[in-house]
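[1] Pasting a predicted model and its sequence here:
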Amino acid sequence: MPSRVLRLCGRRFAVFEALHQLNAGPAQGSGDALKERYARALPGLDPRDPRLIGARGQSYRLLAHLQLFAAFADDFTKGTLRVGASHNVGASMVRVQTAMRFRIGLPIACRGHGGQPSMTLTLERLTEPDTLVWPKPLYAKLPGGRRSTDGLSKDEVAADQRRRLRGAMIEAVDQHGYQKTTAREVCRLAGVSERSFYELFDKKQGCFLATYDYIVRSAVERIGAAYAGERDWRERLRRAFLEFADLVVEQPNAARLVIVEVLGIGAGPALAEPTERTRAVVRRMEHTRGVFERMVGASFSEAPGGVRLPPLVTKGIVCGVERITRQRLLAGGIEELPELADELLDWALSYSSAEVARLSELAPAPLRARPPVRARARNERARVLGAAASLAASNGYTSLTPVQITERAGTSLTTFNAMYPSVEQCFLAALDRLGLEALVCAAEGSQATHDRLARVHKGIAALMDRVADDSVLRRVAFVEVFAVGPAGIDRREQLLHRFSALLTDTLPADVQASELVVEAIVGAIWGLVHHHVVHGAAHRLPDLTHEATYLALAPLIGAAQALETILAADPILDDLEGDSRGQANSLMTGLS
C-alpha cells in the first residue's frame with residue numbers, strides 16, 4: 001500500500017487535523033449536512049464552496065480535503081505530495097512543507113474499490129512557525145556575477161564559491177545537524193546560486209565531505225607542525241594534545257562537524273548495506289583517526305625502551321580523546337579542553353609499558369555463544385519499545401512510522417500517542433532499553449568472581465559477547481542512533497555515562513579514578529566496539545576482551561597489575577555474591 005507523509009506546522013496543522021477528523025467519520029452524507037460539517041470544522045469556510053460538492057466516499061473526500069487545505073495554506077515553500085490514481089479521483093499536486101521536527105502519528109487512509117486501502121498518509125507536526133524565515137547570507141556575492149568586475153577568472157570565482165560554501169556548511173550543520181541541513185540553505189548562507197552549487201558538488205553530501213576534508217587537512221597541518229617542533233618524545237605528544245585542544249576551542253563549529261556530525265552522514269540503511277559513497281565516508285573517518293594513531297604510536301616507540309603499542313590500544317587512546325572532546329561539544333565546556341590536556345596525556349601514557357607486549361601472547365577469550373535474553377515484555381510500553389527496536393534494526397530508523405510500530409506491538413495508535421509524542425522519542429526510549437539490557441548483562445557477568453578487579457574483566461567479556469550475539473542492539477546502538485541526529489548522539493553519550501558508572505562501582509574501594517579518566521576509558525572501549533561493528537567484524541568482539549580490559553585497568557592500577565589480572569582470570573564461575581546480585585537486580589528494575 002502506498003504511503004505518504006504530510007509534514008505541517010502551526011495553523012496549517014490545525015486546519016488539516018480538522019479535515020482529518022471529518023475524513024475519519026462516516027462516508028455517507030452529502031449536500032447541506034456535509035457542508036455544515038465542514039463549516040463547523042473550519043470557521044470562515046464558505047459552505048457554498050464548489051469544492052465541497054460531490055465529496056462522497058473517502059477517496060473523493062480525501063482529495064477534497066487536500067484541495068481545501070491548499071486553499072487555506074497557499075504559502076507552501078517546497079516539496080510535493082501526489083495523491084490519487086484510485087477510484088477515478090485523478091492526480092492532485094499539493095505543495096507541502098517538508099521539514100520535520102517530530103511526529104505524532106496521525107494516519108489518514110483512503111480506500112478504493114472493495115474497501116481495500118489504496119493509500120495511507122501520516123500527518124506530522126512541526127515545531128517551526130508558520131512563516132519560514134530564510135537565513136541571511138554569511139557572505140556577500142562577488143560583484144559582476146560569474147566573472148567579476150575585478151577581473152577574476154572562472155577558476156578564481158569557483159574557488160571563492162567553494163570557500164563560502166564550506167563556511168556556510170559549517171554554520172548550517174551547527175544550527176540544524178547534517179540530516180536537517182539542506183543544500184538550499186547552504187546556498188543562501190554562502191550567497192551562491194543553487195546552479196553554481198551543483199556545478200561544484202554533486203549533492204549536499206559532496207559539499208559536506210569537501211568541508212570535512214578541508215577542516216581535517218588544516219588541523220593535521222597545525223597539529224603536525226606543533227608535534228614536529230619539539231625534540232623530547234613526551235613534550236612532542238603534549239604539544240600535539242594542546243594544539244588539538246586549542247583548535248577545538250578556536251573553531252568549535254568546525255570541530256563539531258568533524259567529530260559529531262560526520263557520525264550521522266552514513267547512518268541508516270546505507271551503513272547496514274554500504275554503497276561506495278558510504279564506504280568513502282568511513283574511509284575518511286578511519287584515515288583521520290589513523291593519522292593521530294600513528295602520531296601516538298610513533299611517540300611511544302621513541303620513548304626510552306621503545307614501547308610498541310598494539311594497534312587496538314593505540315586506536316583506543318585516540319577514541320578516548322575523541323569521546324572527551326565530543327562530550328564537551330555536545331554539553332558545553334569546550335573552553336576547558338586545553339586545561340585537560342595534561343591529564344589526558346597522563347592517561348594515554350599510562351598504557352606505555354614493556355608488559356603490553358604480553359597481550360599478543362594471550363589466547364583469545366573463549367566465545368560463549370548464546371542468544372541474547374531479553375526482559376519479558378510484560379506491558380504495552382515494553383512491547384512498543386521492542387517493536388520499535390526490531391523494526392529499526394530491520395528497516396532503518398528513517399522508515400519507522402507509528403502505524404508499523406503499533407501493528408508489530410499489537411496495540412493502538414491512541415496508546416502509542418499517549419506514551420510518546422513522536423517516533424523519535426519512542427526510538428530513543430527503545431535505545432535506552434537495549435542499553436540497559438546490555439548493562440545488566442555486563443553487571444551479571446562481573447558476578448562470576450569474588451575478585452573485584454577480575455570482575456572488570458568478566459563484565460567486559462560479557463559485554464563483548466552480548467554485542468556480538470545481539471544484532472538488534474548492534475544495529476540500533478551503533479548505526480541507527482546516528483540517523484536521529486544530535487538527539488541520538490546525545491542519548492548515546494548518556495548510555496556511555498551509565499557504563500562509566502558501572503565501571504566505577506565495580507572497582508575496589510581503594511582504586512581511585514577521576515571522572516575524566518573513566519569517561520576516556522569507556523570512550524576507548526566503545527570506540528573499539530564501534531569500529532568492529534561498522535566494519536562487519538562484530539563476531540570478533542570476544543577476541544578483544546583482553547585489550548579492552550587492559551584499556552580499562554592500566555590507567556587505574558598500572559599496566560603490570562592489569563596484565564596480571566587478565567592472566568589470572570578464572571573461567572570457572574564462582575558462587576555469586578549477594579551484593580553483586582543485588583547490583584544486577586537494581587539495574588533490572590529499570591526494564592520493567
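    Perfect, I can see it now. Numbering: from 1, shown residues only.
[2] what's the closest residue in space to Pro252 that isn't next to it in sequence in contact with, if anything?
    Nearest in space to Pro252, with sequence neighbours left out and distances taken as C-beta to C-beta, 6 or more residues apart in numbering, is Ile334 at 5.4 Å. Using the backbone N, CA and C atoms, a C-beta is placed for each residue, glycine as well. When contacts are counted by C-beta atoms under 8 Å, 6 or more residues apart in numbering, Ile334 is found next to Val248, Val249, Pro252, Ala255, Thr325, Arg328.
[3] Got a quick PyMOL command for the buried subset of these?
    To isolate the buried ones among these in PyMOL, judged by 16 or more other C-beta atoms under 10 Å, type:
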select buried, resi 248+252+255+325+328
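[4] Let me know the closest of the contacts of Ile334 to Ile525.
    In terms of C-beta to C-beta, no member of the contacts of Ile334 lies closer to Ile525 than Thr325, at 16.8 Å.
[5] for Ile259, what are its contacts?
    Taking C-beta under 8 Å, 6+ apart as the definition of contact, the neighbours of Ile259 are Glu322, Thr325, Arg326, Leu329.
[6] Among these, which are located in helices?
    Among those, the subset assigned to helices under DSSP state H consists of Glu322, Thr325, Arg326, Leu329.
[7] What are the boundaries of the strands in the chain?
    Listed in chain order, the strands of the chain (DSSP state E) span 3-9, 80-84, 91-95, 102-111, 117-126.
[8] What's the mean pLDDT across the last one?
    It stands for strand 117-126. Here the mean pLDDT over strand 117-126 is 42, rounded to a whole number.
[9] Could you do the fourth one as well?
    Averaging pLDDT along strand 102-111 yields 34.
[10] now the second one
    Within the predicted structure, the mean pLDDT of strand 80-84 is 33.
[11] now swap in stretch 325-339 and tell me
    90.
[12] Next: stretch 236-254.
    Here stretch 236-254 scores 93 as its mean pLDDT.
[13] Name the nearest residue to Arg326, sequence neighbours excluded.
    If you skip the residues right next to it in sequence, Arg326 has Ile259 as its closest partner in space, 5.2 Å away by C-beta to C-beta, 6+ apart.
[14] Please apply the same query to Val313.
    Closest residue to Val313 apart from its sequence neighbours, by C-beta to C-beta, 6+ apart: Tyr351 at 5.6 Å.
[15] just for the stretch 101-250 of the chain, where's the confidence low?
    Applying pLDDT under 70 to the predicted model, the residue ranges of the stretch 101-250 of the chain that meet it are 101-151.
[16] Let's see that with 50 instead.
    101-135, 148-149 (pLDDT under 50).
[17] Please, where are all the helices along it?
    Counting by DSSP state H, counting those that start in this stretch, one finds helices in the stretch 101-250 of the chain at the ranges 154-176, 183-190, 194-200, 204-228, 233-250.
[18] and the angle for the second one with helix 204-228?
    Right, helix 183-190. Interaxial angle, helix 183-190 versus helix 204-228 (axes from the mean of the first three to the mean of the last three C-alpha atoms, to 10 degrees): 50 degrees.
[19] Report the backbone C-alpha coordinates of helix 183-190 in PDB.
    Provided in PDB are the C-alpha atoms of helix 183-190 (Å, rounded to 0.1, in the frame of the first residue of the first chain):
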ATOM      1  CA  ALA A 183      21.600  22.400   0.000                       C
ATOM      2  CA  ARG A 184      19.200  25.400  -0.500                       C
ATOM      3  CA  GLU A 185      20.000  26.800   3.000                       C
ATOM      4  CA  VAL A 186      23.700  26.300   2.500                       C
ATOM      5  CA  CYS A 187      23.500  28.200  -0.800                       C
ATOM      6  CA  ARG A 188      21.600  31.100   0.800                       C
ATOM      7  CA  LEU A 189      24.100  31.300   3.600                       C
ATOM      8  CA  ALA A 190      27.000  31.300   1.200                       C
END
